[in-house]
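> Dropping a prediction and its sequence here:
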Amino acid sequence: MKKVSVIGAGSWGSALAVLLANNGHEVTLWTHDPHEIEMLSTKREQVEKLPGVKLPDNIMIEADLKTALTDEDVVVMAVPSPVVRMVAKQMSPFIKDGQIIVNVAKGIEDVTYKTLSDIIEEEIPNAEVCVLSGPSHAEEVGRGLPTSVVVGAKTRETAEYLQGLFMNEVFRVYTSPDMLGMELGGSLKNVIALAAGIADGLGYGDNAKAALITRGIHEISRLGVEMGGAIESFTGLTGVGDLIVTCASVHSRNRKAGYLIGQGRTMQEAMDEVKMVVEGVFSTKAAVKLGKKYGVDMPIVEQVNAVLFEGKDAAEAVNDLMMRSGKPEHTAKPWS
């Protein structure tokens, strides 16, 4: 049994707390929100974000950050991507040297274009920062439905240690040294999910969604490899796998936000209706800038950015994508 603290009691943090508690670990679930503290303590359920999933009795609810971070074997960081830097800064004074921190949020910082693990390492330089990512909706993990993910770390020893911590009969965990590729796949796919949702909202059907998903992973992969990620991370669970589940599922907040935008809502109206952080909105600007920095053409990402931040009509954006000049699908094999 290990002592694990989960920082962030939203849907994903709560689901992972349940998973880890069911694996026999001593789990602390931290939140700064007094409303969440009362709800989780009295109802033993994240009623608003993960309804129907009861917290086991061996999960301790904690409001004090120092207490939550004292003498822990592993810290799981499950706060939304826009506040990762702020929370990491708050955590820093209480983190022991060599503390394993597993980031489970997905995103790229808007201003610096850094991955979330880079941000955590910057704010907590004495920690050993790792990543857990893959096609894993909190709603299904919380209910114990079969799920497969990847844990990324800088050493095989740490990756295999975390694999053993999380893995059980319904939660399969693979290991990878490619933290960069995993994080890029996990964050950039949210932008493509917005595009797929917009197409659904416009009523464009399965053909359009299939094209967006396929060409979307092509854009993500080319950028990720150019930045130093492994192609296998983009063709595996943390790339294609995560993109499929995010684009196709009713649980996906990014797809839902895109759907609402396709139906005519503004970006802010869509985010307000989803009621949870839509990570793809925050990653879109960064994705556009990274594409330009590394010289990678990203037409889908650019059109999503135009719809979100430049007031472009969604139908016009799709039309502009369709009417680009003809080109080969790939150049891997020469003409005979």
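Arrived safely, thanks for sending.

> Outline the domain layout of the chain.
The record's domain split for the chain, according to automatic domain parsing, is 3-177, 187-322.

> Columns mean neighbour count and mean pLDDT on top of those domains, output as JSON lines?
C-beta here means a position set from N, CA and C on the backbone, and glycine is covered the same way. What follows is the domains of the chain, written out as JSON lines (neighbours: other Cβ atoms under 10 Å; pLDDT from 0 to 100):
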{"stretch": "domain 3-177", "mean neighbour count": "19", "mean pLDDT": "97"}
{"stretch": "domain 187-322", "mean neighbour count": "20", "mean pLDDT": "93"}
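
> count of neighbours near A332?
6 (other Cβ atoms under 10 Å).

> Please, which helix or strand holds it?
When secondary structure is defined using DSSP states H and E, no element contains A332, which sits outside every helix and strand.

> With N190 instead?
When elements are defined using DSSP H and E, N190 is found to belong to helix 179-201.

> can you map out the helices along the stretch 1-150 of the chain?
Remark: helices of the stretch 1-150 of the chain, listed N- to C-terminal, are 11-22, 34-43, 65-69, 84-91, 116-123, 138-142; assignment by DSSP state H, counting those that start in this stretch.

> Repeat that for the stretch 201-336 of the chain.
For the stretch 201-336 of the chain, applying DSSP H, counting those that start in this stretch gives helices covering 205-227, 231-235, 242-248, 253-262, 267-274, 279-293, 299-309, 314-322.

> S176 is nearest to which of the ones you listed?
S176 sits nearest to helix 231-235 of all these, at 6.7 Å, using Cβ to Cβ.

> Check which helices and strands that closest one sits against.
Contact partners of helix 231-235 among helices and strands, from 3 or more Cβ pairs under 8 Å, 6 or more residues apart in numbering; DSSP states H and E: helix 179-201, helix 205-227.

> one step back: can you tell me which of the helices of the stretch 201-336 of the chain comes nearest to A138?
Among the helices of the stretch 201-336 of the chain, if distance is taken as Cβ to Cβ, the winner is helix 253-262, at 10.3 Å.

> Report the separation between L145 and H218.
L145 sits 30 Å away from H218 when distances are taken as Cβ to Cβ, to the nearest Å.

> just I7 next, same as before
For I7, the distance to H218 (Cβ to Cβ) stands at 35 Å.

> roughly how far apart are K2 and T155?
Summarising the geometry, the distance separating K2 from T155, computed by Cβ to Cβ, is 18 Å.

> now swap in P34 and tell me
To T155, P34 is 39 Å away according to Cβ to Cβ.

> cool, and A17?
A17 sits 25 Å away from T155 when distances are taken as Cβ to Cβ.

> Return the residues in contact with V250.
K256 (Cβ atoms under 8 Å, 6 or more residues apart in numbering).

> Repeat the analysis, applying 7 Å as the threshold.
Residues touching V250, when contacts are defined by Cβ atoms under 7 Å, 6 or more residues apart in numbering, are absent altogether.

> ok, the closest residue to T246 other than its chain neighbours - contacts?
Setting aside the residues directly before and after it, T246 is nearest to A193 in space (Cβ to Cβ, 6 or more residues apart in numbering), at 4.1 Å. Contacts for A193 were tallied using Cβ under 7 Å, 6+ apart; they are T246, C247, S252, N254, R255, G258, G280.

> hmm, try it at 10 Å
With contact set as Cβ atoms under 10 Å, 6 or more residues apart in numbering, A193 has these partners: 212-213, 216, 242-249, 252-258, 278-280, 304.

> Same check on V104?
Residues counted as contacts of V104 (Cβ under 10 Å, 6+ apart) are 6-8, 12-13, 15-16, 76-79, 116, 130-133, 136, 138, 149, 151, 186.

> try it again with 7 Å
Shown in contact with V104 (Cβ under 7 Å, 6+ apart): W12, L16, V76, M77, A78, L132.

> With distance to K333 added, can I get the helices and strands packed on helix 231-235 in TSV?
Listed next are the helices and strands packed on helix 231-235 as TSV, based on distance: least, Cβ to Cβ, whole Å:
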stretch	distance to K333
helix 179-201	25
helix 205-227	16
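
> measure E139 to K333 for me?
42 Å.

> ok, now M86?
Using Cβ to Cβ, which is the criterion applied here, M86 is 49 Å from K333.
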